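**Student:** I need the structure of the sequence given here:
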Amino acid sequence: MIQANNISVQFGGRALFERVNVTFSAGNCYGIIGANGAGKSTFLKVLSGDLEPSKGEIHITPGERLSVLKQDHFAYDEYEVVRTVLMGNPHLIEIMEEKDALYMKEDFSEDDGIRAGMLEAEFADLGGWEAESDAEFMLNKLGVSDEYHFMKMAELPSDLKVKVLLAQALFGNPDILLLDEPTNHLDLSAIRWLENFLLDFENTVIVVSHDRHFLNKVCTHICDVDFGKITLYTGNYDFWYEYTQMRQRQMKDQNKKNEQKIKELQDFINRFSANAAKSKQATSRKKQLDALEMIEMPVSSRRFPYVDFKPDRECGNDLLRVDHLTKTIGDRKVLDDVSFVIHPREKVAFVGSDVVAKTTLFKIIMGEMEPDEGSYKWGVTTTQSYFPSDNSAYFDGVELNLVDWLRQYTDYQLEADIRSWLGRMLFSGDEALKMANVLSGGERVRCMLCKMMLSGANVLILDEPTNHLDLESITALNDGLIRYPETVLFTSHDHQFIQTIADRIIEISGDKYVELKGTYDEFLESFDEEQLKKY
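**Tutor:** Purely as a prediction, here's the structure:
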């Protein structure tokens, strides 16, 4: 068990949260959610001991081991991969090192033998004889194959390093497990394995994630970081969302009723307070008025942009035909004889492990890259708006504030009109005058979505639009694309995003082409575990 007792955290006079009292118990998985900057990762650092709170203390049941998903990808560069995983259990490593040192002694004494026997017993109790094979099993399940197991961490690509550090955090059955964005860089098979691992895990899990499907799958509780405090809810992410939306509606409805009642009472008092015959009634109404209170609606740090794409016109019967597209980049053929037809008002998710193949396809059909062979043709009634996975060309070196930046992509010229659109995407007041070349990743995405909304296009092409977005922005974009009445072509690693938007799935990876008219879950049901590693 781990407890936060009266925890407050302040930075530069600003309180992230105050007087937090939460108990995290064994057998439960707690999802930490909140807006960007609300303090989710900061709270994890406080729980792990990496950050001292301004006030309060963290209490961990004596003897329990806490394990944290490390964020420093270079901290273990000198160690082999399997050794790095074993280091997730420091006590086991200490025993192994002390044993090795004893057995290396030339003057091995009787006392050394007694000590070695004690260490061997403790080593066995900790599962030391199976530790290396357990570590390798875990690595394989997370997508780090045998060929990497005894390489130095410095030799691994960054996406595999992340998986090794995740295996390190999970290793050795820790009593308390702290995970910050554990699904990043995982394929679908690895995510499913992690979900099952956490569902079977009997100890305490505390996790920060932007993956709604993952939070729904594994969480028994949600800790909401908002309003300068942390509130605990029983249930998964969807339960939290529905409950909090319902509570907001109830409070607003009650305040409307109170406002009306206050007006009626005040009118009666004003009319009859000077009337002797009605004075008792007026006094009674005054007491009722004094007893009525408006429910205070605290200001949330959580902000939802307003995403709504409206096409200027419907598209005709011919939308897009792709015939035998082939493209080689460097020495690798990323597209090989790809053909398909997109029909009006379809919402098509392009999936598969080959990110370059999907991005290349989108660049070709948007005219940004020429194919080596094959052709494509858009219907004459179509207009396209494109969200590229790399938007740096739109912002790097651009010396414009956001009002002038957006003015390039719209017929609106009045500043008030442009500010209105920027306000929908949470750029209000002075935020609308920020320079385009200093925006964060999430801010750039919101600007690109605003540009797309102004386009009036009847075909939207989006390449990984959920990258860099917080849960609120992902939800708003998700809902906006569900409402959009025309055609959407998109890629995403967000399971729920694909499942709730797409009505057709196309896998494109090298020379492979597979498709299904249906949902993402239906598509995945047709694959075995080995095939799922490609997603």
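**Student:** contact partners for Glu431?
**Tutor:** Taking C-beta atoms under 8 Å, 6 or more residues apart in numbering, we find Glu431 in contact with 402, 422. All C-beta atoms are positioned from the backbone trio N, CA, C, and that covers glycine.
**Student:** look up how far Gly423 lies from it.
**Tutor:** In this structure, Glu431 and Gly423 are 9 Å apart, going by C-beta to C-beta, to the nearest Å.
**Student:** surely His493 touches Ile474?
**Tutor:** No: counting by C-beta atoms under 8 Å, no contact exists between His493 and Ile474, whose distance comes to 11.5 Å.
**Student:** SS state for Trp377?
**Tutor:** Careful, residue 377 is Lys and not Trp. strand (DSSP: H, G, I helix; E, B strand; the rest coil).
**Student:** next, the buried residues of the helix ranked longest in the chain.
**Tutor:** Taking DSSP state H as the criterion, the chain has its longest helix at helix 237-272. Residues of helix 237-272 classed as buried by neighbour count (16 or more other C-beta atoms under 10 Å): 237, 240-241, 244, 265, 268-269, 272.
**Student:** so, low pLDDT: which residues of the chain?
**Tutor:** Scanning the chain with the threshold set as pLDDT under 70 gives 273-280, 282-283, 289, 292, 294-300, 510-512, 527-535.
**Student:** just want the most central residue of it.
**Tutor:** Within the chain, the residue whose C-alpha comes closest to the C-alpha centroid is His210; the distance, by C-alpha atoms, centre = their mean, is 1.7 Å.
**Student:** that one belongs to a strand?
**Tutor:** No: residue state for His210 (three-state DSSP) corresponds to coil; a strand is not indicated.
**Student:** doesn't Glu181 make contact with it?
**Tutor:** Yes: under the criterion of C-beta under 8 Å, His210 makes contact with Glu181 at 7.0 Å.
**Student:** tell me the phi and psi of the residue nearest to the centre of the chain?
**Tutor:** Taking degrees, to the nearest 10, you get phi -100, psi 0 for the backbone angles of His210.
**Student:** against Leu139, how distant is it?
**Tutor:** Noted for His210: a distance of 25 Å to Leu139, by C-beta to C-beta.
**Student:** equivalent analysis for Pro157, please.
**Tutor:** Distance from Pro157 to Leu139, counting by C-beta to C-beta: 14 Å.
**Student:** of those two, who's got more company?
**Tutor:** Taking other C-beta atoms under 10 Å, Pro157 and Leu139 do not tie; Leu139 has more neighbours (25 against 9).
**Student:** list the contacts for the residue nearest to that one when sequence neighbours are not counted?
**Tutor:** Closest residue to Leu139 in three dimensions, ignoring its sequence neighbours and counting by C-beta to C-beta, 6 or more residues apart in numbering: Ala167, at 5.3 Å. If a contact means C-beta under 8 Å, 6+ apart, then Ala167 has 85, 88, 135, 138-139, 142, 144 as its contacts.
**Student:** surely Ala88 and Leu166 touch.
**Tutor:** For the record, residue 88 is Gly, not Ala. No: at 9.8 Å, Gly88 and Leu166 do not qualify as touching, with contact defined as C-beta under 8 Å.
**Student:** please enumerate the strands of the stretch 1-150 of the chain.
**Tutor:** 2-11, 14-24, 29-34, 55-60, 66-68 (DSSP state E, counting those that start in this stretch).
**Student:** could I get those strands as a markdown table with distance to Leu47 and mean neighbour count?
**Tutor:** Putting the strands of the stretch 1-150 of the chain into a markdown table (distance: least, C-beta to C-beta, whole Å; neighbours: other C-beta atoms under 10 Å) gives the following:
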| stretch | distance to Leu47 | mean neighbour count |
| --- | --- | --- |
| strand 2-11 | 6 | 17 |
| strand 14-24 | 8 | 17 |
| strand 29-34 | 9 | 25 |
| strand 55-60 | 6 | 15 |
| strand 66-68 | 8 | 20 |
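**Student:** present those strands as JSON lines; the columns should include distance to Arg419.
**Tutor:** JSON lines is the format used below for the strands of the stretch 1-150 of the chain (distance: least, C-beta to C-beta, whole Å):
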{"stretch": "strand 2-11", "distance to Arg419": "30"}
{"stretch": "strand 14-24", "distance to Arg419": "27"}
{"stretch": "strand 29-34", "distance to Arg419": "28"}
{"stretch": "strand 55-60", "distance to Arg419": "40"}
{"stretch": "strand 66-68", "distance to Arg419": "43"}
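**Student:** about what we covered before: which of the contacts of Ala167 fall within helices?
**Tutor:** With helices defined by DSSP H, the entries of those inside them are 85, 135, 138-139.
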